[in-house]
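In: Whatever this is, show me its structure:
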Amino acid sequence: MKFLIFTLVVIFLTHFYEHSDAEIEGFTTDLISHDSPRSPFYNPSETKYQRLQKAFHRSILRGNHFSAMTASPNDIQSDVIPGRLEYLMNISLGTPPVPMLGIADTGSDLIWRQCLPCDNCYEQDEPLFDPESSETYKILSCDNEFCGDLGQKGYCGNDNACIYYYDYGTGDRFTMGYLSSDTLTIGSTEGDPASFPGVVFGCAHRTGGTYNEKHVGLIGLGGGALSLVKQLDSQVGGQFSYCLIPLSSDSTESSKINFGRNGVVSGSGTVSTPLIRGTPDTIYYLKLEGMSVGSTRVEFNGFSAREEGNNIVIDSGTTITFLPPDMYSEVESALAMAISGQPTSDPNGNFRLCYSGGSNLQVPTITVHFTGADVQLSPLNTFIQAQEDLFCFTMIPSWDFFIFGNLAQVNFLVGYDLNNNMVSFKPTDCTKQ
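Out: Numbering: from 1, shown residues only. Prediction:
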């Protein structure tokens with residue numbers, strides 16, 4: 001009997017350490033596009049052009065909120081609005097694990113989902129998370145360091161419990177509840193799921209606003225202390241990357257997000273640029289020096305306050321790229337000179353430079369010059385089919401905010417090294433990852 005118990009203990013410990021090593025080695029999971037048939041937001045009655053128009057409008061809304069964040073970084077109403085983003089990710093919370101298809105957001109930090117009891121919550125299709133059913137759930141105290149990381153978004157409630165309150169700046173959307181911890185599990189495309197005990201998240205007991213009933217919660221991947229990547233720093237070393245497939249890809253394919261050693265981007269063709277920390281530290285900034293259309297270079301020309309350092313946000317949740325107006329005008333002029341054909345207008349008024357006859361369209365390479373890294377964009381990154389016979393440039397001018405959007409990142413392995421403050425780009429066929 002003693003021998004049997006000893007053998008079981010050895011087997012358990014062996015499995016535990018093998019599983020821990022697997023976590024440190026890294027893991028990969030799917031990033032599901034908002035408009036994929038695998039997404040709960042998918043509407044089969046919409047055409048691909050209608051989905052593109054909606055993605056464009058989501059980008060405008062998201063950009064407006066990035067502008068609010070940078071204009072008033074200490075304002076509790078300056079968080080990027082959830083539910084209008086582009087990618088979803090499967091995780092589970094609790095013991096036993098309860099699945100959650102959440103919005104993966106590089107522009108937010110806090111992980112949150114609705115919990116029981118929920119006195120004033122929006123209706124959602126999936127069951128609410130029940131903290132009492134989880135063996136590992138805990139409410140954090142007010143003297144916990146993560147409670148301090150909330151800043152103005154946190155306060156002390158009854159029994160010394162830490163309460164968070166996020167207002168998304170629209171006057172109609174907020175989430176409020178206990179800052180809590182529980183075991184978080186992420187499914188892997190390569191083997192067993194990876195589980196992490198004591199991950200901090202917001203257990204929402206009150207929410208307000210016009211959320212979609214298919215919206216379950218948010219998975220923050222930003223640069224702040226409460227984000228998933230920062231919390232898992234000791235396991236994944238501050239490393240994550242993603243590979244975004246083209247919008248026109250087959251519905252059975254999926255983009256991928258990688259953590260830990262799987263998230264390292266290196267090898268032939270890789271270029272790297274400094275990741276610049278700004279205020280708030282949630283947002284990932286890069287230094288854009290200029291862009292070249294073929295051999296014609298256009299220098300960055302934006303607001304002077306942003307020229308010395310962090311002048312453009314890199315974001316997976318924004319579809320299009322936003323450039324300073326003067327810079328955009330020069331890039332557009334250089335493109336119009338390089339492309340044979342007569343520009344035509346976008347009847348929806350979304351895009352500034354469009355052409356018909358896309359099969360014969362000869363588009364020059366556009367090179368984005370970040371500090372220390374020249375990223376060459378193919379026509380797949382820079383032009384999109386907006387209608388049956390209409391192909392439009394995927395960048396537009398902005399007077400308030402500048403964003404390097406996800407269409408420009410398609411078919412690149414984009415890696416974030418938060419410990420060494422670097423972002424890397426490697427040309428990759430993401431459909432084969």
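In: Name the residues linked to the nearest residue to residue 99 once chain neighbours are set aside by a beta bridge.
Out: With sequence-adjacent residues excluded and distances taken as C-beta to C-beta, 6 or more residues apart in numbering, residue 99 is closest to residue 92, at 5.1 Å. Heads up, the C-betas are built off the backbone N, CA and C, glycines and all. Applying DSSP bridges to residue 92 gives these bridge partners: residue 99, residue 185.
In: Quick check: residue 92 touching residue 102?
Out: No - applying C-beta atoms under 8 Å, one finds residue 92 not in contact with residue 102, separated by 10.4 Å.
In: Can you read off the pLDDT for the residue nearest to residue 99?
Out: Note on residue 92: pLDDT of 95.
In: which one of residue 92 and residue 102 has more residues nearby?
Out: Taking other C-beta atoms under 10 Å, residue 92 and residue 102 do not tie; residue 102 has more neighbours (23 against 18).
In: surely the more buried one meets residue 214?
Out: No - judged on C-beta under 8 Å, residue 102 makes no contact with residue 214 at a distance of 11.3 Å.
In: sec struct for the closest residue to residue 53 other than its chain neighbours, please.
Out: Of all residues not flanking residue 53 in the chain, residue 348 sits nearest, at 6.1 Å (C-beta to C-beta, 6+ apart). The three-state assignment at residue 348 reads coil, by DSSP: H, G, I helix; E, B strand; the rest coil.
In: Surely residue 348 touches residue 386?
Out: Yes - counting by C-beta under 8 Å, residue 386 is a contact partner of residue 348 at 7.4 Å.
In: Which of those two has more residues huddled nearby?
Out: residue 386 (23 against 15).
In: Contact partners for the more buried one?
Out: Shown in contact with residue 386 (C-beta atoms under 8 Å, 6 or more residues apart in numbering): 49, 52, 346, 348, 350-351, 354, 392.
In: Let's verify it: helix, strand, or coil?
Out: strand.
In: same for the longest strand along the chain, what does it pack against?
Out: In the chain, with assignment by DSSP state E, the single longest strand is strand 194-208. Secondary-structure packing of strand 194-208 (3 or more C-beta pairs under 8 Å, 6 or more residues apart in numbering; DSSP states H and E): helix 2-25, strand 112-114, strand 174-186, helix 228-231.
In: and it, how far from the chain's centre?
Out: 18 Å (C-alpha atoms, centre = their mean, to the nearest Å).
In: and the angle from that strand to strand 174-186?
Out: 160 degrees (axes from the mean of the first three to the mean of the last three C-alpha atoms, to 10 degrees).
In: residues of strand 194-208 that come out buried?
Out: Going by neighbour count (16 or more other C-beta atoms under 10 Å), the buried part of strand 194-208 is 194-196, 199-205, 207-208.
In: Pull up the per-residue confidence for the closest residue to residue 196 other than its chain neighbours.
Out: Leaving aside its chain neighbours, residue 196 sits nearest to residue 184 (5.1 Å; criterion: C-beta to C-beta, 6+ apart). Residue 184 carries a pLDDT value of 97.
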